[in-house]
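Engineer: this one's structure only:
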DNA sequence: GGAAGATGACAAG
DNA sequence: TTGTCCTCTTCCC
């Protein structure tokens, strides 16, 4: 679940259910018990997302920093809280709703200064209107690292995960191993605009859908994708299956310890594909 | 019943 | 680059 759009939805849901209220804070699993006791019955001001980070502001200048990591979940549910199921690190609750956090990489109390330190390390976040994408371009255009690695680097762009990076590269026909400094300015600008639009779609729908209308299941007469991730995608976790555009078998490889997926024909840097150049949007 | 794997990030060497 | 952490689901025996 957790790429940037997930955290923005979460921040909105948490603020909606708990913002401006005094909340019960507990750690049924126990690992956050001491800090939870400090926060219990205090005023929750609101929650905000930055990249894949979530910050929940409480009274007295306290911030709760949450990072979901690979498989963390944070469920916000209407209704009275039931007995905890599984390893619930953190539970927020009022009489009318509750939220359970499981498996996070980070769940810690922070001061405002510590929060600022986290924020200062993040590259521009496509979901925030006030960011300067030029900062990301400077880092990409001066780097010899593969574009696929740069897109996942939170210091370069904040909030992009394995799904968005694979799909963005496909949509722009960029070979994942091309060096950052070999990306053209116009390619970058198109990718950034597309990423902003894709991630806003993700915030709206709660899914990552990257397939253009012409390649949707109904249009192509193929089965819709069914898995835990839910969205219609071109290449993510489709290794060995035919490309929706050119039918070539999709490739996979471990890059920087993460699974990378791409189409060797559509993303071959220069050679033309059977279906022509995909356009953003 | 157990292993493998997953949309992530960090420290150590 | 490798190891480590966090939890749950899926798959295989």
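Structural biologist: Cool, got the structure. Because the structure is predicted, anything quoted here is derived from the model rather than measured.
Engineer: burial measure for the closest residue to DNA strand B within chain A, as a count.
Structural biologist: Closest approach between chain A and DNA strand B, counting by Cβ to the nearest atom of the strand: residue A:161, at 2.4 Å. C-betas here are computed from N, CA, C, even on glycine. Neighbour count for residue A:161, taken as other Cβ atoms under 10 Å: 22.
Engineer: do residue A:7 as well
Structural biologist: For residue A:7, the count of nearby residues is 28 (other Cβ under 10 Å).
Engineer: can I assume it sits in a strand?
Structural biologist: No - read with DSSP: H, G, I helix; E, B strand; the rest coil, residue A:7 is helix and lies in no strand.
Engineer: and the residue of chain A closest to DNA strand B, what does it touch?
Structural biologist: Counting by Cβ atoms under 8 Å, 6 or more residues apart in numbering, residue A:161 makes contact with A:2-4, A:52, A:152.
Engineer: which one of these has the most neighbours?
Structural biologist: Most surrounded of the contacts of residue A:161: other Cβ under 10 Å gives residue A:4, at 27 neighbours.
Engineer: show the pLDDT at that residue.
Structural biologist: Per-residue confidence (pLDDT) for residue A:4: 95.
Engineer: now do the SS call for the nearest residue to it once chain neighbours are set aside.
Structural biologist: Counting by Cβ to Cβ, 6 or more residues apart in numbering, residue A:4 lies nearest to residue A:159, which is 2.5 Å off, once chain neighbours are set aside. When classified by three-state DSSP, residue A:159 comes out as coil.
Engineer: I'd say residue A:159 and residue A:198 touch.
Structural biologist: No - assessed by Cβ atoms under 8 Å, residue A:159 is found out of contact with residue A:198, at 11.1 Å.
Engineer: what are the boundaries of the helices in the stretch 1-150 of chain A?
Structural biologist: A:4-18, A:33-39, A:112-120, A:133-141, A:147-152 (DSSP state H, counting those that start in this stretch).
Engineer: and residue A:132, how far from residue A:157?
Structural biologist: For residue A:132, the distance to residue A:157 equals 12 Å [Cβ to Cβ, to the nearest Å].
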